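In: Structure of the sequence below:
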Amino acid sequence: MNMFRWLSFAAAMMAVSAFADIKINANLKSGDVLSGKYVVTVTCESASTITQVEFYLNDSLLSTDSSTPYEAPLDTLLEKEGPQKLEIAAYAEDGTSQKQTVNFAIDNKIGLGAAHHTEIGEGDLREKKYDDAVIAARTALKADPKYVPALIVLGRALMGNRVFDEAEKYLQDAIDIDQNNIFAYGILSQVHVQKAITVRAIGANDAANTEKNSYMAAADAFRKSLELQIAALGPITAENRSNAIDLHIQLGNYSKARELIKAITVTDIKNVQMHNRLMFVLIRRGELTEAQRIFDTLQKKKIGDGDTMALGAVLASMTGNNDLADNRIQEAIKQDRSSLTVKLSQAYVLLDRGKVKDVRNIVQDLEQGGFTQPEVYYYLGRMHYALGDFDLSDRNYQDAISQNPLMSDVFVSRGMESLAAAIKATDASKTRHLPVAQNYFDVALKARPETAGALVGNALVLAYLGKKAEAARYADGAMTVGGEMAWVSYVCAGVYSHAGQADKAMAALNAAMKQSPNTVPFGMPKLDEAFKYLSRWGRAPVLIRP
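Out: Below is the predicted model:
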């Protein structure tokens, strides 16, 4: 063999040797059967550095990786069921390459049906295995793309994984198919709440507006779920009347609740529970005169109970009669120490007077006693804020809203806290806090349009922003729904005066002084004085309905 031919032969043998040196080791073997999500993992043995590995599924590029171990995620639910071919191609730095073909199958047990896989997903949710629940729900949807229970499971699982936008999409798909699905609306409201909480916590771009919009969407979805529950009751009967009253109270539709309760109390004058419930509704509506009349009647007939006396204490506190409020609370405790209405009435009376340390013992006892109602979390939030523990306050407010996105009182409190920060701030930072306060008041009004605290709060915000005419309009609304409460009248007097509406200002001030002569200062208030009074007195009682 001459030298030229020998060199050519040697070069060819070296090329073959280099080509043969690439050995592909894959975790996927021919004959394997896959389901769900799978990651094909490859390592290579080669005398030369591997620069890239390509994965082809049924002749279409699936993935490319340039670092070992070389991986290709495979979502089998996106592929057809049955036999598959995966080709793995490895390329070395010296120009050589190697290919390997794997014949496998995909079998997600689609034939078992959507209900079967949805049930598996529900089990995964109970164990908080959200990734597994996602796979189970997607498998169910491959069997039946319009299977509503599977869409709901998928939405819940994605919420658990904090993928809120996708969770919202699938829950909305479920609602589009079944527009009367109460459960879907309930879960959708939770998705919006959790999105709002998360956005605020991480301080994402435009976080304030995203938080506001998410809370508003949560209120809409939760309201719809309650409305559907009311509709499902059908015509009001003796058997379902109590449920209807509770649902309307939760909805914040106090006028309808009052109507339903009066249908009972007008004929059953000794039904103390319903009379108490009527007092509760009237207090929530700010109709203090009528609530006081009912209390006096029950006392005169000597048929009241601990809840009656507790609500009477709230009425006394709201008009600044502290001694009477204290006496009634003590009497309520004697009559029924275990009543949650009594406990929360006591919390309101103490916190309304600024006795934070005293109220701490009450709400902490409630917390340790296993009470998890949103009303309890509300008082925990207010208490911890007053004690300066703002993070813990925030978490308790969030717990309250997570249970009831229509709880406007939480948003009013947050709005007042933001407004307080704005008033204390320098001129440069004041403009940052005022829009945040306005956002919370807007959400409160979305949750319940007749929230006097939110109307008053927005009136003050707009007055501070120099929008006098708009501020006065909000004051008009506040006087319409809360004109019997001294703190509403007094603050509105300040807003009207600032807006140059002297007649309305004087009428509101006179009303406030008549409503609570023990607490209302003399003289027309400036804006800061109005807010100071609002901070001290301006909270509606948050109570458990008797």
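In: Look up phi and psi at residue 104.
Out: Dihedral angles of residue 104 (phi, psi; degrees, to the nearest 10) stand at phi -140, psi -170.
In: correct me, but it touches residue 32?
Out: Yes - counting by C-beta atoms under 8 Å, a contact exists between residue 104 and residue 32, whose distance comes to 4.5 Å. C-beta: built from backbone N, CA, C; applies to glycine.
In: So for those two, which sits in the more crowded spot?
Out: Legend: neighbour count by other C-beta atoms under 10 Å for residue 104 and residue 32, higher for residue 104 (19 against 15).
In: and that one, what pLDDT?
Out: Residue 104 carries a pLDDT value of 98.
In: where do the helices sit along the stretch 101-250 of the chain?
Out: Along the stretch 101-250 of the chain, the segments classed as helices by DSSP state H, counting those that start in this stretch run 114-126, 130-143, 148-160, 164-177, 182-202, 207-233, 241-251.
In: For the strand or helix carrying residue 446, which residues meet the burial criterion?
Out: Here residue 446 is covered by helix 427-447, with elements defined by DSSP states H and E. When burial is assessed from 16 or more other C-beta atoms under 10 Å, helix 427-447 yields the following buried residues: 433-447.
In: Then stretch 202-213?
Out: 207, 208, 210, 211, 212, 213.
In: now stretch 245-252
Out: For stretch 245-252, a neighbour-count test (16+ other C-beta under 10 Å) marks 245, 247, 248, 249, 250, 251, 252 as buried.
In: follow-up on the earlier one: tell me the angle whichever helix or strand comes after the helix holding residue 446 makes with helix 427-447.
Out: Scanning the chain past helix 427-447 towards its C-terminal end, the next helix or strand to appear is helix 452-464 (assignment: DSSP H and E). In terms of direction (axes from the mean of the first three to the mean of the last three C-alpha atoms, to 10 degrees), helix 452-464 departs from helix 427-447 by 150 degrees.
In: how distant is helix 452-464 from the center of its chain?
Out: Here the centre of mass of C-alpha atoms in helix 452-464, compared against the chain's by C-alpha atoms, centre = their mean, to the nearest Å, lies 23 Å away.
In: For it, what does the pLDDT average out to?
Out: Computed over helix 452-464, the mean pLDDT rounds to 96.
In: ok, so of the buried residues of stretch 202-213, who is nearest residue 175?
Out: Looking at the buried residues of stretch 202-213 and their distance to residue 175, the nearest is residue 213, at 18.2 Å (C-beta to C-beta).
In: Tell me the confidence at the nearest residue to residue 207 once chain neighbours are set aside?
Out: In space, and not counting its chain neighbours, residue 207 is closest to residue 199: 5.0 Å by C-beta to C-beta, 6 or more residues apart in numbering. The score at residue 199 is 87. That number is its pLDDT.
In: Distance of residue 199 relative to residue 165?
Out: Plainly put, residue 199 is 11 Å away from residue 165 if you go by C-beta to C-beta, to the nearest Å.
In: Of those two, give the one with the bigger neighbour count.
Out: Of the pair residue 199 and residue 165, residue 199 is the one with more neighbours under other C-beta under 10 Å, namely 21 against 9.
In: Does residue 53 touch residue 91 like I think?
Out: Yes - taking C-beta under 8 Å as the definition, residue 53 is a contact partner of residue 91 at 7.4 Å.
In: Of the two, which one has the most company?
Out: Set side by side, residue 53 and residue 91 show unequal neighbour counts under other C-beta under 10 Å, the larger going to residue 53 at 27 against 20.
In: Am I right that that one falls within a strand?
Out: Yes - in this structure, residue 53 lies within a strand as judged by DSSP: H, G, I helix; E, B strand; the rest coil.
In: so what's it bridging to?
Out: The bridge-partner assignment for residue 53, based on DSSP bridges, gives residue 65, residue 90.
In: Report the contact partners of it.
Out: Going by C-beta atoms under 8 Å, 6 or more residues apart in numbering, residue 53 touches 42, 44, 64, 65, 66, 70, 88, 89, 90, 91.
In: Isn't the second one up against residue 69?
Out: No - if you go by C-beta under 8 Å, residue 44 and residue 69 don't touch, sitting 9.2 Å apart.
In: Looking at the two, which is more packed in?
Out: residue 44 (21 against 13).
In: ok, now how distant is residue 217 from residue 473?
Out: For residue 217, the distance to residue 473 - C-beta to C-beta - is 26 Å.
In: That should have said residue 384, apologies.
Out: In this structure, residue 384 and residue 473 are 35 Å apart, going by C-beta to C-beta.
In: who has more neighbours, the two?
Out: residue 384 (21 against 17).
In: Identify the residues contacting the closest residue to the more buried one other than its chain neighbours.
Out: In space, not counting the residues next to it along the chain, residue 384 is nearest to residue 393; the distance is 3.9 Å by C-beta to C-beta, 6+ apart. Listed by C-beta under 8 Å, 6+ apart, the contact set of residue 393 reads 380, 381, 382, 383, 384, 385.
In: hmm, 6 Å instead?
Out: The neighbourhood of residue 393, defined by C-beta atoms under 6 Å, 6 or more residues apart in numbering, consists of 381, 384, 385.
In: phi, psi of it?
Out: Backbone torsions of residue 393, given as degrees, to the nearest 10, read phi -60, psi -50.
In: Then residue 539?
Out: Here the main-chain torsion angles of residue 539 (degrees, to the nearest 10) amount to phi -130, psi 130.
In: try residue 503
Out: Torsion angles, degrees, to the nearest 10, at residue 503: phi -60, psi -50.
In: Show residues contacting stretch 508-516.
Out: With C-beta under 6 Å, 6+ apart as the test, stretch 508-516 has contacts from 319, 320, 486, 489, 490, 492, 493, 520.
In: just checking, the second one is part of a strand?
Out: Pointing back at residue 320 there. No - assigned with three-state DSSP, residue 320 falls outside any strand and is coil.
In: which ones are touching it?
Out: Contacts of residue 320 were listed using C-beta under 6 Å, 6+ apart, and they are 516, 518, 519.
In: For the residue positioned nearest the centre of the chain, which non-adjacent residue is closest in space?
Out: What sits nearest the mean C-alpha location of the chain, by C-alpha atoms, centre = their mean, is residue 193, with 2.3 Å. In space, not counting the residues next to it along the chain, residue 193 is nearest to residue 218; the distance is 4.6 Å by C-beta to C-beta, 6+ apart.
In: Lowest pLDDT pick from the contacts of residue 320?
Out: Ranking the contacts of residue 320 by pLDDT, residue 518 lands last with 86.
In: That concludes my questions; thank you for your assistance.
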